[in-house]
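**Student:** from the sequence below, what's the structure:
(chains A and B)
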Amino acid sequence: MAGAAQEEDKKLFDSGAASTLVGELRDAFASGATRGYRWRESQLRGLLKMTDDHEQDIVAALRSDLGKPEPESVLYEVAMVRNACKLALKELQHWMMPEKVKTSLTTFPSSAEIVSEPLGVVLIISAWNYPYLLSLDPVVGAIAAGNAVVLKPSELAPATSALIAKLVGEYMDSSSIRVVEGAVAEATALLEQKWDKIFYTGNGRVGRIVMAAAAKHLTPVVLELGGKSPVVVDSGVNLQIASRRIIVGKWGCNNGQACVSPDYIITTRDLAPKLVDALKNELEMFYGKNPLESKDLSRIVNSNHFNRLTKLMDEDKVSDKVVYGGERDPTKLQIAPTILLDVPRNCLIMNEEIFGPLLPILTVDKVEESFDIINSGGKPLAAYIFTNDKKLKEHFVKNVSAGGLVVNDTTVHVAVHTLPFGGVGQSGMGAYHGKFSFDAFSHKKAVVYRSFMGDAAMRYPPYTNGKLRLMKALLGGSILDILRAIFRRS
Amino acid sequence: MSGVEESLAELRQAFKSGQTRSVSWRKSQLRAIIDLVQDNEENIFRALYQDLGKHPVECYRDEGRLPLLFFPTSGEVMPEPLGVVLIFASWNFPLTLALDPLIGAISAGNTAVLKPSELTPACSSFLADTIPRYLDCRTIKVISGGADVGGRLLQQKWDKIFFTGSPRGGRIVMSAAAKHLTPVTLELGGKCPAILDTLSSPSDITIAVKRIVGGKWGPCGGQACIGIDYLLVERKFASTLIDLLKLTIKKFYGEEPQNSKNMCKIINKAHFERLRNLLEDPAVAASIVHGGSLHEKELFIEPSILLDPPLDAEIMTEEIFGPVLPIITLSNIQESIEFINSRPKPLAIYAFTKKDSFKRQIVSETSSGSVTFNDTMVQFLCDDLPFGGVGQSGFGRFHGKYSFDAFSHEKAVMTRGFFPEIEPRYPPWNGFKLRFIRLAYDFDYLGLLLLMLGLKR
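**Tutor:** Prediction:
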């Protein structure tokens, strides 16, 4: 009977299954299949073709999972994966070359180099908000570095997860690259295994669980987490442009559900009303008078998060600070762009990463006070400032610690492949994008070539005072000291 | 323990004040470390001799190097200090493994707590007494003690932990760090093999054997993470090799090595017993071809050689960390690659060979922290090389600029102007904007131009 057969197919992916999977990939890696340039190049081309051929399917899956508008899917998910593949294809031979290193007098004669080698079998756990990008962008790095890969996409974006599983099975080498779909049980089974690297994108709570699991096997990790990314708005800037850039970074990025979305704004009491007006103006131009009907906004991913966000908005002493928006539609899981002005410092919306379409504005007397506010919380993944004041900018860059900083814009740094993308402190550890992706999945092995000439007796016992003097001179002294030590009798 | 929390709070306060970030502060602290070492040379030698029986030449060779570091900035990526860092030093190179990471932490602008090993009490006291006299004690602190103090330190939230030690210790440190999402560098160990290929020139063979003896018994009596653990050689060469090893050992250490003062003793009774147990396994004892005598009072084990002990004996499954050298014979030296690959990845692989093809094979078919050809230990001396492990031998790296990087966050900084403004970035979306975005992302400037001119559909 069809039902029973389907039940058979959906076997439980438990520890045993995970262990078998890892064993298969270890065999594949040990065979050397993934190490050559040809294999890596072919897989990157496969990934690129897969993305090109199925762009519409990807867009449809993202719309199904998140209500993501097509331009966002194209701009942030499809285009970025394509660019990552194209960059890796262009640079791969260069990245794979050993790096020559200069050697010192103490080891003369010798030559040395740093060789990049794959770590082995790696696990990539992805997130739900950019489910295509955050699954495949790290995969590009893992493949470029010559590893075998297991990818676990997020179950909260099921259409994209299923699509990725199907396409990877069709376009890529299944002996070395596999997708495991599932939720907590499957992730737990995977995390019990010994990996050579784990790359996790998500929240801090699960990040701790991943790192603790990795610790049992001494597995290195990259954790791409989040935080409250602040925007400081100074006076003397073009408020219309600043507003647009804030809006597109907030509501134009999955309706605020992005790790680098502006979380909250800090500005002066004087500037706040003008900023609110500018934001209102631009928001209406972008999303119309009835934003709940706009086709250009992602919906909230599920009812858990919908309820969480409405709770933040409706909290006592916060709900009366709404100056724009506040509308919600539970049937469509939609919340309109909402601005809150002067929320108390200690309320739910200021104590957790919002990850949604609510934008609180904190006001201060002098814009410099914003730095202490930012630094009193955990280090965020990104921090932004709009200013034309050179000194303020320098002060901000020097004193605000975050994964990355952008001056006079928001979120655009994620598209610059020469910039490492990663967090610090609570926002994570490790980085990727561009060559940093290749490095994240590589071991940099030091190799020293020595000849049999140039053997220095002073290295060996029996140790004498003469040897000590020579050693000292060679390691810390001048040529004169060296000569003196050589020619003086012990 | 309020002491630990108080110290940590003071260090956080000091870091927040921003004083550790200035170039002048960093330079003054680094110079103070150099002064510390130069002024206290005799004390250092005495402490190392007391704890480990280390000879001054070995001290100088292995512990006396202090690189001076400065910090670069580039326009787009700005290194910044992580904050308050914790450094655990191991007992076998108690000075280098304390000061080298400390130098990295200071150059990068952090405040730091140094926890020396309790197994080297004289060195630990030396650091605890001298560092506060030379360095700014509101920013750099030494906290001594045993496992309980280590445990209390690990409960706190640090911005980075740098650990040198065993894999077991590494797991404990990383698990504790996971609770606070603290990044770690783990410098662990492993069984570092030395491969000895057939060499045609007798003088090359002599030099190779000298370097092998130097690489086994030289550093801390075999108690070194990158010391040679075991030797792989073709069967037909084994007896010649053993004769040469015996000769060289005698030359370096005399007839009575325990009186030579040129080799370190075993660090403590626990490790002495551990090594005794490894040797007392009957099958292992039967394979001893040189040495094997244990001097319990002095905690001294003479340089010992084993020939083909059983591969499943503990001495071949655990890191030896002692003056016992197993020689494993193979019918063909090529088998050494599979032998090494069937075991956990070591911190270092040493290979004595003149065949370029074999060198290439070793580099591309094995994995280890580092590979050194025709010598031992020298990778430690090369400041431009990253020093660190892979797999069971650890992750993260230090030495030279890598020490600075290990204690820095590479912060991406991007600056934009208000001009130009690119309208298609913004909603409401339409067909034109979508086409624009596609072309822009493809760097298809001609296409973009045509689109703007209305000539592209």
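
**Student:** where does the stretch 351-490 of chain A have low pLDDT?
**Tutor:** Counting by pLDDT under 70, the low-confidence segments of the stretch 351-490 of chain A come to A:454-458, A:471-490.

**Student:** one more time with 80, if that's ok
**Tutor:** In the predicted model, the stretch 351-490 of chain A carries pLDDT under 80 at residues A:453-460, A:463-490.

**Student:** quick one, helices of it?
**Tutor:** Secondary structure of the stretch 351-490 of chain A (DSSP state H, counting those that start in this stretch): helices at A:369-375, A:390-399, A:435-440, A:465-476, A:479-487.

**Student:** again with the stretch 151-300 of chain A
**Tutor:** In order along the chain, the stretch 151-300 of chain A carries the following helices (DSSP H, counting those that start in this stretch): A:158-171, A:184-191, A:204-216, A:239-250, A:272-287.

**Student:** how about a markdown table for the ones you listed, with distance to chain B and mean neighbour count added?
**Tutor:** In short, each C-beta sits where N, CA and C put it, glycine included. Rendered in a markdown table, the data for those read as follows (distance: least, CB to the nearest CB, whole Å; neighbours: other CB atoms under 10 Å in any protein chain shown):
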| stretch | distance to chain B | mean neighbour count |
| --- | --- | --- |
| helix A:158-171 | 20 | 19 |
| helix A:184-191 | 12 | 18 |
| helix A:204-216 | 4 | 19 |
| helix A:239-250 | 5 | 23 |
| helix A:272-287 | 4 | 19 |
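
**Student:** identify the residues contacting residue 362.
**Tutor:** As the question left the chain open, I've gone with chain A. Listed by CB atoms under 8 Å, 6 or more residues apart in numbering or on different chains, the contact partners of A:L362 are A:264-267, A:342-343, A:345, A:350, A:370, A:373.

**Student:** that's the wrong chain, I meant chain B
**Tutor:** Residues in contact with B:I362 (CB under 8 Å, 6+ apart) are B:195, B:337, B:349, B:351, B:371.

**Student:** could you say which helix or strand holds it?
**Tutor:** With secondary structure defined by DSSP states H and E, B:I362 is part of helix B:356-365.

**Student:** ok now that helix, how far from the chain's centre?
**Tutor:** Going by CA atoms, centre = their mean, to the nearest Å, the spacing between the C-alpha centre of helix B:356-365 and its chain's C-alpha centre is 24 Å.

**Student:** mind checking the SS state of the closest residue to A:K216 other than its chain neighbours?
**Tutor:** For A:K216, ignoring the flanking residues on the chain, the nearest one in space by CB to CB, 6 or more residues apart in numbering or on different chains is B:R171 at 6.4 Å. In terms of secondary structure, B:R171 is helix; the call rests on DSSP: H, G, I helix; E, B strand; the rest coil.

**Student:** also the one 3 residues further on?
**Tutor:** Three states are possible here, and by three-state DSSP the one that applies to B:M174 is helix.

**Student:** per-residue pLDDT of it, please?
**Tutor:** According to the predicted model, the pLDDT of B:M174 comes to 98.

**Student:** around it, count how many other residues there are.
**Tutor:** 26 (other CB atoms under 10 Å in any protein chain shown).

**Student:** now stretch B:401-411, how far from the centre of its chain.
**Tutor:** Worked out by CA atoms, centre = their mean, stretch B:401-411 lies 16 Å from the chain centre.

**Student:** look up phi and psi at B:S408.
**Tutor:** The main-chain torsion angles of B:S408 are listed as degrees, to the nearest 10 and equal phi -120, psi 160.

**Student:** oops, could you answer that again for B:D229 instead?
**Tutor:** The phi/psi pair for B:D229 (degrees, to the nearest 10) reads phi -90, psi -50.

**Student:** so it is in contact with B:A348, correct?
**Tutor:** No: in terms of CB atoms under 8 Å, B:D229 does not count as a neighbour of B:A348; the distance is 9.5 Å.

**Student:** could you list the low-pLDDT ranges of the stretch 101-250 of chain B?
**Tutor:** Confidence mapping of the stretch 101-250 of chain B against pLDDT under 80 gives zero matching residues.

**Student:** quick one: the strands in it?
**Tutor:** With DSSP state E, counting those that start in this stretch, the ranges of strands along the stretch 101-250 of chain B come out as B:111-115, B:140-142, B:160-164, B:184-187, B:193-196, B:230-234.

**Student:** which of these sits closest to chain A?
**Tutor:** Ranking those by proximity to chain A (CB to the nearest CB) places strand B:184-187 first, at 6.7 Å.

**Student:** what's the nearest residue to the most centrally placed residue in chain B if we skip its chain neighbours?
**Tutor:** Centroid-nearest residue in chain B, with CA atoms, centre = their mean: B:E187, separated by 4.4 Å. When the adjacent residues along the chain are set aside, B:E187 lies closest to B:T164, with 4.3 Å between them (CB to CB, 6+ apart).

**Student:** pretty sure A:L223 is touching A:V210, no?
**Tutor:** Yes: taking contacts as CB under 8 Å, A:L223 lies within contact range of A:V210: 6.8 Å.

**Student:** so what sits against both of those two?
**Tutor:** Residues touching both A:L223 and A:V210 (CB under 8 Å, 6+ apart) are A:Y200.

**Student:** follow-up on the earlier one: let me see the contact set for the residue nearest to B:E187.
**Tutor:** By CB under 8 Å, 6+ apart, the residues touching B:T164 are B:88-90, B:97, B:101, B:187-188, B:225.

**Student:** chain B contacts on the stretch 201-350 of chain A?
**Tutor:** Counting by CB under 8 Å from any CB of the partner chain, the residues of the stretch 201-350 of chain A lying close to chain B are A:204, A:207-208, A:211-212, A:214-216, A:218, A:220, A:223, A:225, A:237-238, A:241, A:244, A:247-248, A:252, A:285-288, A:294, A:296.

**Student:** from the centroid of chain A, which residue is nearest?
**Tutor:** Averaging the C-alpha coordinates of chain A gives a centre point, and the residue nearest to it by CA atoms, centre = their mean is A:E224 (4.2 Å).

**Student:** need the contact list for B:Q38.
**Tutor:** Listed by CB under 8 Å, 6+ apart, the contact set of B:Q38 is empty.

**Student:** please parse chain A into its domains.
**Tutor:** In the assignment given by automatic domain parsing, the structural domains of chain A cover A:2-225+A:433-443, A:230-422.

**Student:** and residue 353, how many neighbours does it have?
**Tutor:** Picking chain A for this. Considering only other CB under 10 Å, A:E353 is surrounded by 20 other residues.

**Student:** let's do chain B instead
**Tutor:** Using other CB under 10 Å as the criterion, B:T353 is surrounded by 19 other residues.

**Student:** neighbours of A:N307, how many?
**Tutor:** Other residues lying near A:N307 total 12 when counted by other CB under 10 Å.

**Student:** that should have said B:S364, apologies.
**Tutor:** When counting by other CB under 10 Å, one arrives at 13 neighbours for B:S364.

**Student:** per-residue pLDDT, it?
**Tutor:** The score at B:S364 is 96. That number is its pLDDT.
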